[in-house]
Every structure is written in structure tokens, then in C-alpha cells.
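Asks: No sequence on hand, only this structure:
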């Protein structure tokens, strides 16, 4: 295959935006399309090699896999090996267990499947996965395994028919991706069937170039370059991907492959020493950047400045040059025998699978930490399994509710209704109510405000409307239920966001930025929220039941256990806190609204800040562990601080 310097330059245009995007440089908001550029390049190069081998009757599946092993595995193995000691030193048991699973998945060329099952690519938790970026390698490896076999079997039908088979498969894959981002977004992003069309686009380009050669068309080549650059700077995390939007960078690469003759403007730019030099080390640079960023986030709890990210970008390319020169290049040398390549690969793959299995079954090696450290950085969850969203619930009347009680002989005349914050109280409340021989019924659902005729856009078309209304229909007419407790992340439904996350409001509300009403502004939603509180409280008052309103708990702007992790590791006794002003700025308005109507209908009120805050600050943990499992949900320890006071109110 004839060498094309502009292809190496194109690799540079792919890898740099990806790395800068992951480093948090907002100007490269669409830098993730660099992966799509890589896919098209891979499809083009591999198909070109396969066509030439098939036409010259020298194709060998063994030789093909040998070349792929030389190209991909040595540098990958080295990066995985380097990750191991840092994972051991810095990862929590849960993180270490996930990392161990990723070692297995990478070794089986299935990491895209693993990460699809675990989380979304843009999730905050994903940023702390050192091998997350290998999902794209897995997609390519799956293509490398299947595409040559397809080509061998289909070649008997003639090159022209094979070409059109690939066109049809590409069209099907593109259509599938259009369906996928609307219905199965995470699977659409990670899995090969919805990414295959990008690789096939490169394959189609390979057939055309093999027949017609690289054409010289300055305008089309420049248009292709502009399309890639446009998507890098104009796309962002909200752009559905892959989808027809991905046609812009994908067709941009295809245009460059087809029309960027070495005399064109685009080819001359991409063929410069800087672009080609970066392109040559692009694979290693891609391998190094994610572990560097990931471990930095783990150690610093996402608090380090952009300048450090910039330094890590430089380190990524420095390490990339070294691994390209001393690992990639030597293994590509023909003096390294085929037998050695396969033996080495099998040994390393087997080793990483073994290490991964060991880490998985050892639950991430929790013995690396003291019990106190574990209680701080991996707090016990406070919700009772099965009570969220009515799962494993006891059938009652025309609906479901979850029965929570230490003993079947206990009296159950209390009901708790709310969102996941209410669920976070259930385990501790169950244990505390046992002191007065009582249990309770739980109605809770994620982002389900415990208000009648009130919904958010988080649980389908009607939000939690049907679930909450059904809960109230049961409770208000059940004479056995004497006390009802309402608790929620009230500030969410008042502010419409968690702290300064403006995109959160888009998710929480519907298209008009409203709850279940017609108001177009958040200020109007607050008025509707007040109406819903008044309506619900009035209905509760008429039922003549005792009612306890639990106000908002303090919410932190960061993941508390993860932030405590390095402090626990390095024995820093600094007590992380939230200024009381911050809590009051977020919660005081909705708390005052709840207090206003609780007083109107003579309900009891409990404010968790009485136990979690002093006159200056609200605290995240004590010497026994973290009060939170994330930034706002209480751990068992945190909930246990509150439940004695809750039960005291109920018992009066």
C-alpha cells in the first residue's frame, strides 16, 4: 500500500481534539469526533490492505492478525501494566473492582460492552475509569475479527457486489444509529453495530481509491477538512452521537481520502512535519491520556486547575513518543518473529485476565484500607433494597407499597413518601422505629416529589404523577395508616437544578421548562409548586392523619466520599464542610414555603440541619465515616444521625 503522509496528519487532527476535549478545554466541545475520524481511517487502511492481498492471492488470516497484534497490543499492554500500581495505590475497593473488570474486558476485546453496561461516556463517574477509552479499540478489534472473514466469504461474488454489500450494511448501521440515539443512547454510543457504518465509510472509500486512485480536487478536499474542524468546535455533549450528525466528520474524512492529492491545500497542511509527527505517535498518545487524566481526578477529587490538565496533555505526548519509539517500533520490526508475537500476546492477555479475575473476586482488595478509611470513603447506603420505585412491594388495594419492618409483629401505621432522598432514610428509620416496635410503608421513586398532581420530566411522559397520586389514593383512604412522613430533595423542585448545573433543569423539566403545568418560566413554576404543596397539605389535613414534613438535607457541590478518598489515604484530618450560607441560599426559600403551609395545617416540621450543621457550617463526615453516599444522598451513618429525632417527634 502506497504511503500517504496526509493520512498520518489526519490522525493528528483526530487525536489532539480528543485529548483536549477530555482535558476539559471547552473550545474543543466536539473533540470526541476524533474517535469517528479514527474509525474511518481504520476502515480505509484495513480494507485497502485486504483488497490488495486478495487480488494478489496472498491473503492470510494469520498474517493479518499478526500485523494487527504488532500494531495494537504491545503499547496497550504496557499502558495497562503501568496502570496497575497506581490503581492499587489510589483506587477505592469499588473502583478497583471496576478496574479489574475492565482489565478482563480489554483483554477479551469487549470493553465497549462493559462500559456500555456500567455508565454513559459523558457521565462524571466515567471520567475516573483509566481504561474507558479502550471502548473504541474494542469496536475496531471486533471489526478486525469479523470484516476479513466477511470479505473472504463474499469475494467469490465479485468485487463490485462486495462493494454494494458494504454500502447496504453501512446504510443499515446508520439507520440503526438513528434509532439507537433516540431509544438506547448508551448502547448506541458504545456498541459496534451502530458504529460499523463509520468503519464501512472508510471501506467504501478504499474501494473507490483502489479503482480510481486519489483524485486531485482542492475544493472537495478543503471542504472535507472544514467539515471535520466544524464538528470539533461546534458539536458538544448534547449532540446525538453517533447519528446523522456524525456524517459531517465522517464524510469529511472520506472527502480527504478521495480527493486530497498531495498537491491539494488540505494535503499540504496535513503533510507538514508537525501533523505527521503527531500522527505517528497518535495511537500511543490516545492510550496514555485517559489513564493520566483518570488517576489525576481520583487523587485530586476533580479539584485541580486547567493548568494541570495542560501539563498532563504535554506528558501524554511525551510518554507517547517514548512508547512509540521503544515499544511500538521495535515490535513492528520483522526481526521480532511471528511466533514470539503470538506467544507474547497470549501470555499477556492471559495474565491480565487472571489479574482482573483476582481483583473482581477479591472485591477490589478492601484490605488495603483500614476499617475507618473504608467507612469514610465507601459509606453504607441507607436505602432499603427493593423500596425504590415500589420494587418487591407488598400488594395493597389497587397499587403497591413497600413494607419496611424488622418484625412481622410490629405495628405498621406509618408511611413515608418521597423521592430518592426519602428512600435514603428507610434503612436507618427501620432500625430506629424498632425501638418502639413499629414499621412503615414506603413509597419512593427517583425524582418523585411527594406532591399530588405534580410531576417532573424524569420518569417517562407522566413523570411520577401516576405513582405518587396512586400512593396518596391509598394512604388517604387507609384507616390503618395514622402518620405520613414527607421528605424529598425539595430544593430540586424549587430551583430546578443541582447547584450550577444548568443542563439539569432541561432534564428535570419538560420542553417548556415546567413541571406538569403550562408556565414558561421558572418563577411561574415556583408559584405552581406552591399550589401543589397547598393542595397536597390540605388533602392530608382533611384525612385527619398526623403529618411530619422533613425539610431538605444539606447538599454538597461534589461527590463527598470521592473527595474524602485522598484525605483518608493521606491521613489528612481536615473536615470538609459546606458554609451554612450555601445551604440556606439553596434551601431556605423552599424550606420556608414548606414551613408556611405546615404551620397553616398544623403539621410537624423537622429540619435536618439541626443535626448536620452548626452556626457556620454543615459537615460531610465525622470520625466514623461519611454522611453521604454521593453529594446529596445520605449514607446509613448520615441517616442514623437524623432518625432518632424523627422517631422522637413521631412518639410524642
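Replies: Cool, got the structure. Just so we're clear, the structure is a prediction, and the values are computed from it rather than from any experiment.
Asks: Show me what counts as buried in the lengthiest helix in the chain.
Replies: Identified as the longest helix of the chain according to DSSP state H is helix 61-90. If you call a residue buried by 16 or more other C-beta atoms under 10 Å, then helix 61-90 has these buried ones: 64-70, 72-80, 82-84, 86-87, 90. C-beta: built from backbone N, CA, C; applies to glycine.
Asks: Could you point out the helix or strand that follows that helix?
Replies: Downstream of helix 61-90, the first helix or strand assigned by DSSP states H and E is helix 93-107.
Asks: Report the angle between that following helix and helix 61-90.
Replies: 170 degrees (axes from the mean of the first three to the mean of the last three C-alpha atoms, to 10 degrees).
Asks: where in this protein is pLDDT low?
Replies: Within the chain, the set of residues satisfying pLDDT under 70 comprises 119-125, 301-305, 372, 382-401, 455-463, 496-524, 565-575.
Asks: domains for it, by residue range?
Replies: The chain is divided into the following domains under automatic domain parsing: 5-365, 377-651.
Asks: packing partners for the longest helix of the chain?
Replies: When contacts are defined as 3 or more C-beta pairs under 8 Å, 6 or more residues apart in numbering; DSSP states H and E, helix 61-90 packs onto helix 34-55, helix 93-107, helix 134-154, helix 282-300, helix 306-323, helix 329-332, helix 338-361.
Asks: right, and these - which one's nearest residue 241?
Replies: Comparing the helices and strands packed on helix 61-90 against residue 241 with C-beta to C-beta, the closest turns out to be helix 34-55 (8.0 Å).
Asks: Pull the contacting residues for the nearest residue to residue 108 once chain neighbours are set aside.
Replies: Excluding its sequence neighbours, the residue lying closest to residue 108 (C-beta to C-beta, 6 or more residues apart in numbering) is residue 353, at 7.2 Å. Contact analysis of residue 353 by C-beta atoms under 8 Å, 6 or more residues apart in numbering lists 103-104, 107-108.
Asks: Could you measure from residue 353 over to residue 368?
Replies: According to C-beta to C-beta, to the nearest Å, residue 353 stands 22 Å off from residue 368.
Asks: Enumerate every residue touching the residue nearest to residue 190 when sequence neighbours are not counted.
Replies: Closest residue to residue 190 apart from its sequence neighbours, by C-beta to C-beta, 6+ apart: residue 116 at 3.8 Å. Neighbouring residues of residue 116 by C-beta under 8 Å, 6+ apart: 135, 186-187, 189-191.
Asks: From the contacts of residue 353, list the buried ones, please.
Replies: Buried among the contacts of residue 353 (16+ other C-beta under 10 Å): 103-104, 107-108.
Asks: Using a markdown table, lay out those residues together with distance to residue 215.
Replies: A markdown table is the format used below for these (distance: C-beta to C-beta, whole Å):
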| residue | distance to residue 215 |
| --- | --- |
| 103 | 45 |
| 104 | 46 |
| 107 | 42 |
| 108 | 41 |
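Asks: Pick out whichever of the residues you listed sits closest to residue 468.
Replies: For the buried ones among the contacts of residue 353, the nearest to residue 468 is residue 104 (41.9 Å; C-beta to C-beta).
Asks: Isn't the closest one up against residue 358?
Replies: No: assessed by C-beta atoms under 8 Å, residue 104 is found out of contact with residue 358, at 10.2 Å.
Asks: Please tell me how far residue 367 sits from residue 355.
Replies: 17 Å.
Asks: between the two, who's got more neighbours?
Replies: residue 355 (17 against 10; other C-beta atoms under 10 Å).
Asks: quick one, what contacts the residue nearest to the more buried one when sequence neighbours are not counted?
Replies: Nearest residue to residue 355, sequence neighbours excluded (C-beta to C-beta, 6+ apart): residue 103, at 5.9 Å. Neighbour list for residue 103: 80, 131, 352-353, 355-356, 359 [criterion: C-beta under 8 Å, 6+ apart].
Asks: Tell me who's in contact with residue 214.
Replies: 4, 257-261.
Asks: Put together a markdown table for those, with secondary structure and distance to residue 312 on each row.
Replies: Formatted as a markdown table, those follow (DSSP: H, G, I helix; E, B strand; the rest coil; distance: C-beta to C-beta, whole Å):
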| residue | secondary structure | distance to residue 312 |
| --- | --- | --- |
| 4 | coil | 31 |
| 257 | helix | 32 |
| 258 | helix | 36 |
| 259 | helix | 37 |
| 260 | strand | 32 |
| 261 | coil | 38 |
